[in-house]
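# I'd like to go over a predicted model; first the sequence, then the structure.
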Amino acid sequence: MLFHPLDCKTWPRAEHFRYYTDVVRTRYNLNYEIDITALHQHVKQKKLRFYPVALWMVMRVVNDTMELRMATDADGNPGYWEYCVPSYTIFHEDDHTFSDIWTEWNDDFRVFYAQAAEDMGKYAGVKGVKAKAGRPDNFTSLSMLPWLSFTGHGCDTYTAPQMLFPIFLMGKWHARDGRLLLPVSLSLNHAAADGWHAAKAFRDIENLAENPENWLV
């Protein structure tokens, strides 16, 4: 994994980073409904599992957006990862618990989908919070809540201000006016990203969902 330090003398958000790290430590949450009508049709036609498809879609946007890959070095200096891997939850039906696993990132959808599906199957029966060892530091946190279609979600994580990575939560899709909508919640550290970056992330995810023929092959 490659970490790129940022030069705080030239980085436009350097003052914002220090303010939200040292003065007002702020995480915030936004929720948006992604139109997955076209995506859902493609997934059904190709007989794919939705979860790994959604993971690739979100991670593609993360890896195209520097502000969603922010971290700090050992001295607390800001920078960003070359790329991030998804760290995501799987559910155990027998005891209603979950476990975190992760999958190596690949820009090629087919390669990533195959590896994620393999990981989900391999660790389906492994219990505990962290089922797959060896998760690298360059991760993004994602989860799926398929039982509930929500309109808001709060994620108050009490930790050091150096927790800069975003947290994504996807819910149960629902139909409205002939469209299928997927609720997606995004929790961000204000030191890493502002509202503009969050809005762009949602737009970029929706653009992928509306044009699956460009990547879901």
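Arrived safely, thanks for sending.
# let me see the ranges of the strands in the chain.
All strands of the chain, identified by DSSP state E, fall at 3-5, 27-35, 70-72, 78-81, 85-92, 97-102, 139-144, 167-170, 174-176, 179-189.
# reformat these as CSV; add distance to N211, mean pLDDT and mean neighbour count.
Any C-beta I mention is one placed from the backbone N, CA and C, and that applies to glycine too. Output for the strands of the chain, formatted as CSV (distance: least, CB to CB, whole Å; pLDDT from 0 to 100; neighbours: other CB atoms under 10 Å):
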stretch, distance to N211, mean pLDDT, mean neighbour count
strand 3-5, 29, 97, 13
strand 27-35, 11, 95, 18
strand 70-72, 27, 97, 22
strand 78-81, 26, 98, 21
strand 85-92, 21, 98, 20
strand 97-102, 27, 98, 18
strand 139-144, 21, 97, 20
strand 167-170, 19, 96, 22
strand 174-176, 20, 96, 10
strand 179-189, 15, 97, 21
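# where exactly do the helices run in the chain?
14-18, 37-45, 50-62, 109-122, 195-210 (DSSP state H).
# show me what the last one is packed up against.
Think helix 195-210. strand 27-35, helix 37-45, helix 50-62, strand 179-189 (3 or more CB pairs under 8 Å, 6 or more residues apart in numbering; DSSP states H and E).
# quick one: list the elements packing against the third one.
Applying 3+ CB pairs under 8 Å, 6+ apart, one finds that helix 50-62 makes contact with helix 37-45, strand 85-92, helix 109-122, strand 139-144, strand 167-170, helix 195-210.
# what do you get for the second one?
Taking 3+ CB pairs under 8 Å, 6+ apart as contact, the helices and strands that helix 37-45 lies on are helix 50-62, strand 179-189, helix 195-210.
# next one: the shortest one to chain centre, how far?
Taking the mean C-alpha point of strand 179-189 and that of its whole chain, the gap between them comes to 10 Å (CA atoms, centre = their mean, to the nearest Å).
# residue contacts, the closest residue to A191 other than its chain neighbours?
Leaving aside its chain neighbours, A191 sits nearest to Y20 (3.8 Å; criterion: CB to CB, 6 or more residues apart in numbering). Taking CB atoms under 8 Å, 6 or more residues apart in numbering, we find Y20 in contact with T26, P161, N189, H190, A191.
# out of those residues, who's nearest F98?
Minimum distance to F98 across the contacts of Y20 is 23.4 Å, recorded for N189 (CB to CB).
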